[in-house]
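In: Take a look and give me a structure for this.
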Amino acid sequence: MHTFALSMLLSSKSSEYNTIRRSLPFSTVKLNDYATMHICKTSKMNISEEEKKTIPVIKLYKFEELKTTMDGEKKPTGKITYFLELVVNYMALLGGTGFYSIPASSINDMASSALINHFMDILPQLNYSWYMENEFIKKVQSYNRQILKGDDSLSIWEILTLIAISNDETANRFIEEHNLNRSVLLNLTSKGQQESYLKQLYYPPFKLRRIDYSCDIHTDFKDILLSLMIKGFDPKQLKLEEKIYYQEKEEEYQVVSDYHKSKSVRLNIYDKIEELKKHNQPLSLEDQKRADSILRFEVQVFKNKLNDLIQRKSDELGYEDMSRDLYTFAQADIEKYVLSYYLKKIVGTGHYFTLNIAKSIVDSSHYTNSKKEKLKKVLHYVAINHGIPKFLEKIQEKKILDLPITTATTKIYFKELESIGINPVCISQNMQQQMKQRVINYPLPDINGYQYGRDFLYNLSVYLEMDYQISSRYEETI
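Out: Got it, this is the predicted structure:
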């Protein structure tokens, strides 16, 4: 995760709205006749340059509600709504550079206290009595939310879990030292109760409007994987607009980023070193070497998709009572689910083989001879049409005479190929030549005698699984 946006309705009497407006330097943008947005100009705030880097983007909104008449015309009702939005760069908040991805769950492990304190510093006009009057929070904050257990560091969240489920000696000592209400803690018998209690303790009354999940994928073949990915993805299947950016390199054009967006979600996958160069970010030699092997995958989830996840996925994710707040969506399993779901929508699940090897795997599969021939034709025509989108166009236009199938049937064939571990998009001869010339710094296991990095590349979802675990050791990145 690297960015999230929180919003809060302000008093309908406009007092909070006007107080905040007067106390911070804002520029005004008129959105339409009935809506105005004010954006805080951090550059004009009387604070140090280091502090400016950590301040969230502060936005104030004023809307006049509209009512649709019988003839479909929208008319103002005279009712005004005010709300505050904070867009937070998570790594900047913690004093980092934003160079690496760290898991969303770390916001629950270590940063919620810092987050609230930061809001209190920049927006004292808001009523934080719900926070300041909580004696438990005062005690935990004074203890810096950490205690030592042997050589390991335990967060307050781990302590609360130990208190709730056991008579752990360290937990008991923590209760006594900080005069905590043991009966309340011991009654937290279910995950839902614990979460509710922790949210009351640590989270301000903000609603989540956006969260950006991200993961750094480490590979020696980022340019080739990006090229394979854009050949395999049909943006229409997710109703997304697509933008692909290329860079001239050795008389060819190399893919350096691929962006997809809709109203509720945006998917970004890009070469991290190229993005850093574009923003002229200074790097140490060590950081430059590491960034040179990173593909950054991001899923930006906006309000409508957050609501959709709550409505449709709460049972699947095992949550009794999901709500649109930072605590809920900063859970590791939700972040991993979202990243994995959208990456598989883009790249499927099969691995990338050369065309000849893919055909030989089909030949040795359990399918009938007739099905094998059709699957090999699909592989052939995807290859000569330089990817799935053009192949599907030819199928729709009935231009592939010896493969008279519908687009619906092709999707069945794609799934059948993936079930035997093959991605419909194959590694070209040119790509294989490039692969053979590379030094492999991030080796992965071979498959059935086929060499990784020479005969095949793993599906990006495999890299995601490994690198999500790596990035979960977020202490190393802060």
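In: And the lowest mean pLDDT element among the helices and strands of this structure?
Out: strand 146-149 (a mean of 37; mean pLDDT, DSSP states H and E).
In: Next one: residue 425 from residue 301, what distance?
Out: Distance, residue 425 to residue 301, using CB to CB, to the nearest Å: 27 Å. Using the backbone N, CA and C atoms, a C-beta is placed for each residue, glycine as well.
In: If you count surrounding residues, which of the two has more?
Out: residue 425 (27 against 24; other CB atoms under 10 Å).
In: contacting residues for the more buried one?
Out: 228, 231-232, 352, 382-383, 387-388 (CB atoms under 8 Å, 6 or more residues apart in numbering).
In: Name the nearest of those relative to residue 315.
Out: residue 232 (30.7 Å; CB to CB).
In: Who are the contact partners of that closest one?
Out: 346-348, 387-388, 423-425.
In: just residue 88 next, same as before
Out: 3-6, 56, 115.
In: Which of these ranks first by neighbour count?
Out: Highest count within the contacts of residue 88 by other CB under 10 Å belongs to residue 4, 27 neighbours.
In: out of everything not next to it in sequence, what's closest to it?
Out: residue 211 (4.5 Å; CB to CB, 6 or more residues apart in numbering).
In: Quick check: helices, which of the contacts of residue 425 are part of them?
Out: 228, 231-232, 382-383, 388 (DSSP state H).
In: Most neighbours of all the residues you listed, which one?
Out: Going by other CB under 10 Å, residue 382 tops the ones in helices among the contacts of residue 425 with 28 neighbours.
In: before we move on, back to that, ok, so of the ones in helices among the contacts of residue 425, who is nearest residue 82?
Out: Distances from residue 82 to the ones in helices among the contacts of residue 425, taken by CB to CB, are shortest for residue 232, at 46.1 Å.
In: What's the separation between that closest one and residue 294?
Out: Residue 232 is 21 Å from residue 294, by CB to CB.
In: all strands for the stretch 1-150 of the chain, in order.
Out: Secondary structure of the stretch 1-150 of the chain (DSSP state E, counting those that start in this stretch): strands located at 3-9, 26-32, 35-40, 57-68, 74-89, 146-149.
In: These: which one's closest to residue 50?
Out: Nearest of the strands of the stretch 1-150 of the chain (CB to CB): strand 74-89, 13.9 Å.
In: got the buried residues for the closest one?
Out: Buried residues in strand 74-89, counting neighbours by 16 or more other CB atoms under 10 Å, are found at 82-89.
In: Check what pLDDT residue 462 gets.
Out: Residue 462 is assigned a pLDDT of 86 by the prediction.
In: Now do it: how many residues are near it, please.
Out: Residue 462: 14 neighbours (other CB under 10 Å).
In: again with residue 395
Out: Residues near residue 395, counting by other CB under 10 Å, number 21.
In: Could you export the helix or strand harbouring it as CSV, CA atoms only?
Out: If you go by DSSP states H and E, residue 395 is part of helix 388-396. Extracted in CSV, the C-alpha atoms of helix 388-396 (Å, rounded to 0.1, in the frame of the first residue of the first chain):
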residue,chain,number,x,y,z
ILE,A,388,-5.3,-12.2,-27.5
PRO,A,389,-7.1,-8.9,-28.4
LYS,A,390,-6.3,-9.2,-32.2
PHE,A,391,-7.0,-12.9,-32.1
LEU,A,392,-10.4,-12.3,-30.7
GLU,A,393,-11.1,-9.6,-33.3
LYS,A,394,-10.3,-12.1,-36.1
ILE,A,395,-12.5,-14.7,-34.4
GLN,A,396,-15.4,-12.2,-34.3
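In: now what about that helix, what contacts it?
Out: 231-235, 378, 381-382, 385, 400, 403, 405-407, 410, 414, 424-425.
In: Domain map for this protein?
Out: Segmentation of the chain into domains, based on automatic domain parsing, reads 3-98, 129-202, 212-348, 352-458.
In: start to end distance for the third one?
Out: For domain 212-348, the first and last residues are 22 Å from each other (CA to CA, to the nearest Å).
In: Name the spans of the stretch 51-200 of the chain whose pLDDT lies under the cut-off.
Out: Counting by pLDDT under 70, the stretch 51-200 of the chain shows low-confidence ranges at 93-100, 106-200.
In: Looking at the ones in helices among the contacts of residue 425, which has the smallest pLDDT value?
Out: The model is least sure about residue 232 among these, giving it 83.
In: Residue 401 versus that one, what's the distance?
Out: Applying CB to CB to residue 232 and residue 401 gives a distance of 24 Å.
In: Then residue 443?
Out: Per CB to CB, residue 443 is found 44 Å from residue 401.
In: For these two, indicate the residue with more neighbours.
Out: residue 443 (9 against 6).
In: Hmm, the more buried one is touching residue 458, no?
Out: No. Contact criterion CB atoms under 8 Å: residue 443 and residue 458 do not qualify, at 11.4 Å.
In: Could you pull out the buried residues of stretch 326-333?
Out: Buried residues in stretch 326-333 (16+ other CB under 10 Å): 326-331.
In: same thing with stretch 45-59?
Out: So, applying 16+ other CB under 10 Å, buried residues of stretch 45-59: 54-56, 58-59.
In: how long is that stretch end to end?
Out: Its first and final residues considered, stretch 45-59 spans 15 Å by CA to CA.
In: Quick one: mean pLDDT for the helix or strand hosting residue 215?
Out: Secondary structure from DSSP H and E places residue 215 in strand 207-218. Here strand 207-218 scores 90 as its mean pLDDT.
In: Partner strands of it, with direction?
Out: Using DSSP bridges, strand 207-218 pairs in its sheet with strand 3-9 (antiparallel), strand 294-302 (antiparallel).
In: Quick one: closest of those to residue 356.
Out: Going by CB to CB, the one of these nearest residue 356 is strand 294-302, 26.7 Å.
In: pull the CA atoms of that closest one into PDB?
Out: Presented in PDB, the C-alpha positions along strand 294-302 are these (Å, rounded to 0.1, in the frame of the first residue of the first chain):
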ATOM      1  CA  ILE A 294      11.200  -4.200  -9.800                       C
ATOM      2  CA  LEU A 295       7.800  -4.300 -11.500                       C
ATOM      3  CA  ARG A 296       5.300  -2.300  -9.400                       C
ATOM      4  CA  PHE A 297       1.700  -3.600  -9.500                       C
ATOM      5  CA  GLU A 298      -0.900  -1.300  -8.000                       C
ATOM      6  CA  VAL A 299      -4.700  -1.600  -7.700                       C
ATOM      7  CA  GLN A 300      -6.400   1.700  -6.800                       C
ATOM      8  CA  VAL A 301      -9.800   1.000  -5.300                       C
ATOM      9  CA  PHE A 302     -12.300   3.800  -5.100                       C
END
